[in-house]
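**Student:** Structure, please.
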Amino acid sequence: MRVRSIVGMAFSIAQLVGSLIALWITIYWGVRRARGAFERELVRQSMRKEDARRVSAQYSKLKDDILGTVRNSIR
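**Tutor:** Just a heads-up that it's a prediction; the model follows:
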């Protein structure tokens, strides 16, 4: 009986860790794509490339804030 519950807990923890990794990858790639598209659109609208990068850095800051919240909730 104990072995079955330990195996069940291990499986649940592995599933949770897998979900968190998938969440991290999804957020990382989504922000990367959105930031690139936003920068390209700003440059197309005649903004300097350096300024577009500075403005789009807010996407990365927001991503870091979200992931920091997730990390703090896990602890």
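**Student:** Just the element for the one residue sitting closest to the centre of the chain, please.
**Tutor:** In the chain, the residue lying closest to the centroid (CA atoms, centre = their mean) is Ile27, at 2.8 Å. For Ile27, the host element (DSSP states H and E) is helix 2-44.
**Student:** Could you check the angle the helix or strand of the chain with the lowest mean pLDDT makes with helix 2-44?
**Tutor:** Across the helices and strands of the chain, mean pLDDT, DSSP states H and E gives its lowest value to helix 49-74, namely a mean of 87. With axes from the mean of the first three to the mean of the last three CA atoms, to 10 degrees defining the directions, helix 49-74 sits at 160 degrees from helix 2-44.
**Student:** And helix 49-74, what's buried?
**Tutor:** Within helix 49-74, the residues that qualify as buried are 52, 56, 59, 63, counting by 16 or more other CB atoms under 10 Å. All C-beta spots, glycine's among them, are computed from the backbone N, C-alpha and C.
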